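[1] Fold the following and give me the result.
(one chain, ligands or ions: 1)
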Amino acid sequence: MAKKKIFSGIQATGNLHLGNYLGAIRNWVKLQADYDNYFCVVDLHTITVPQDPEVLRANIREVAGLLFASGLDADNSVVFVQSHVRAHSELAWILNCITPMGWLHRMTQFKEKSEKQKDEVSIGLFDYPVLQAADILLYDADLVPVGEDQKQHIELCRDIAQRFNYRYGDLFVLPDAYIAEVGGRVMGLSNPEKKMSKSEEKKDDAIFLLDSPDQIRAKVKRATTDSMREICFDDNRPGINNLLTIYQLLTEKSKAAIVEYFSTKSYKDLKEELAEVIAESLRPLQERYRELTGEKGYLDQKLDEGARLADEAAERKLKAVQDKIGLR
Ligand code: AQP
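    Below is the predicted model:
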């Protein structure tokens, strides 16, 4: 029986953080053997907010390197850069022509991001979810493993696919979001009321995947907690809850075992142990990243091969779309 398909993407903003890893990338690695997978560095999404060209070029490579270093492998997954496959932009345009603007006005991520951008908000930022729908629909993805913040965009993608299928006849698979029960929303260290984010201004808010053990220790030490003493999972105490959740995700121990273990310990102990667990968990990934980015030509070769395979699948789908709507 043919395997089901997965698609997911990640922006080329560099500085990938523990939220990106635990909410998305680590699940991609865990799922890859059981599915046909397409994973993409979504550089066209990245330029929806201003980017310095040199920095962007470097970030695309850094993010691709981190995906391979995290354990995505070319035997199971097609890993590629979005702009290397032209069908993404072309399908996005076609989908733009059937998507009502009102649907996009409802997107909370646009509302949040456009507030930060003020007068500089681009049409691209507004249109971001339609390009994301094109990414997913090109590969007939059944499942889209993402963090919780992307749920609304995947629902919109289904709506767009349904509208197309209704107008022109069935062509698109309706995808489901796959959001991990734990880890779908890793919160910031300084502000545990908000998700950990690359664009958060406070520098200590996120643990980046390439942070050194000393940087990790310093950030965890400064993480916001509360004035209580008991160490337990409690949604009403977002700081401690978040630290324990990260600990749980990385050690894969049960909540009960974790609470029991810390029952006689202090916040200081928890922070020290958590920092070591994070540093140890990231160590193999960082070593592999250094190895493969030190190997001349490795990344280019992998990404060229990924783009070739993705392009074949995407072109087939795009032609079918063109046939349906009368462009061919
Ligand atoms: N804090 C998070 N917890 C769990 N999952 C998260 N993701 C992002 N932040 C968290 C998931 O990571 C994947 C890739 O995200 P992206 O590159 O598309 O960036 P983003 O969603 O815009 O989030 P960032 O990294 O925090 O960037 P900014 O600051 O620009 O918003 C997605 O599956 C996402 O859900």
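
[2] My guess is Gly169 contacts Lys324. True?
    Yes - under the criterion of C-beta atoms under 8 Å, Gly169 makes contact with Lys324 at 6.3 Å. Glycine gets a C-beta too; all of them are placed from N, C-alpha and C.

[3] okay, the two: which has more neighbours?
    Legend: neighbour count by other C-beta atoms under 10 Å for Gly169 and Lys324, higher for Lys324 (18 against 8).

[4] so that one sits right up against Tyr166, yeah?
    No - Lys324 is not in contact with Tyr166 according to C-beta under 8 Å; the separation is 11.9 Å.

[5] can you give me the helices in the stretch 51-200 of the chain?
    53-70, 87-96, 101-105, 108-117, 123-138, 151-168 (DSSP state H, counting those that start in this stretch).

[6] Which positions in the first one come out as buried?
    Which is helix 53-70. Using 16 or more other C-beta atoms under 10 Å as the test for burial, helix 53-70 gives 56, 59-70.

[7] would a markdown table of the residues you listed with pLDDT and distance to Asp235 be doable?
    Converted to a markdown table, those look like this (pLDDT from 0 to 100; distance: C-beta to C-beta, whole Å):
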| residue | pLDDT | distance to Asp235 |
| --- | --- | --- |
| Leu56 | 98 | 38 |
| Asn59 | 97 | 34 |
| Ile60 | 97 | 37 |
| Arg61 | 96 | 39 |
| Glu62 | 97 | 34 |
| Val63 | 97 | 32 |
| Ala64 | 97 | 36 |
| Gly65 | 97 | 36 |
| Leu66 | 97 | 31 |
| Leu67 | 98 | 32 |
| Phe68 | 97 | 36 |
| Ala69 | 97 | 33 |
| Ser70 | 98 | 29 |
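
[8] ok, the residues you listed vs Lys3, which is closest?
    Ranked by distance to Lys3 (C-beta to C-beta), the buried residues of helix 53-70 are led by Leu67 at 20.0 Å.

[9] which one is that closest one nearest to, not counting chain neighbours?
    In space, and not counting its chain neighbours, Leu67 is closest to Val79: 5.7 Å by C-beta to C-beta, 6 or more residues apart in numbering.

[10] and the one you found, how many neighbours?
    By the criterion of other C-beta under 10 Å, Val79 has 25 neighbours.

[11] swap in Thr293?
    17.

[12] So for it, what's the nearest residue that isn't a sequence neighbour?
    Nearest to Thr293 is Gly65, by C-beta to C-beta, 6+ apart, at 4.9 Å.

[13] Is it correct that the one you found is in contact with Arg290?
    No - assessed by C-beta under 8 Å, Gly65 is found out of contact with Arg290, at 9.3 Å.

[14] Phi, psi for Lys317 please.
    phi -70, psi -40 (degrees, to the nearest 10).

[15] Contact partners for it?
    Residues near Lys317 by C-beta atoms under 8 Å, 6 or more residues apart in numbering: Ala87, Leu91, Leu137, Leu138, Tyr139, Asp140.

[16] Run the angle between the worst-scoring helix or strand of the chain on mean pLDDT and helix 123-138 for me.
    For the chain, using mean pLDDT, DSSP states H and E, the weakest element among its helices and strands is helix 108-117, scoring a mean of 90. Orientation check (axes from the mean of the first three to the mean of the last three C-alpha atoms, to 10 degrees): helix 108-117 against helix 123-138 gives 150 degrees.

[17] what's the closest non-adjacent residue to the residue of the stretch 101-250 of the chain found nearest the ligand?
    Residue nearest to the ligand within the stretch 101-250 of the chain: Gly147 (2.4 Å; C-beta to the nearest ligand atom). Nearest residue to Gly147, sequence neighbours excluded (C-beta to C-beta, 6+ apart): Gly23, at 3.4 Å.

[18] Doesn't that neighbour lie inside a strand?
    No - counting by DSSP: H, G, I helix; E, B strand; the rest coil, Gly23 is located in no strand; its state is helix.

[19] what's the burial count for it?
    Gly23 - counted by other C-beta under 10 Å - has 26 other residues nearby.

[20] how much space between it and Lys195?
    9 Å (C-beta to C-beta, to the nearest Å).

[21] Between those two, which contacts overlap?
    Gly147, Glu148, Arg185, Val186.

[22] And the furthest pair within these?
    Farthest apart among those by C-beta to C-beta are Glu148 and Val186. That separation is 9.6 Å.
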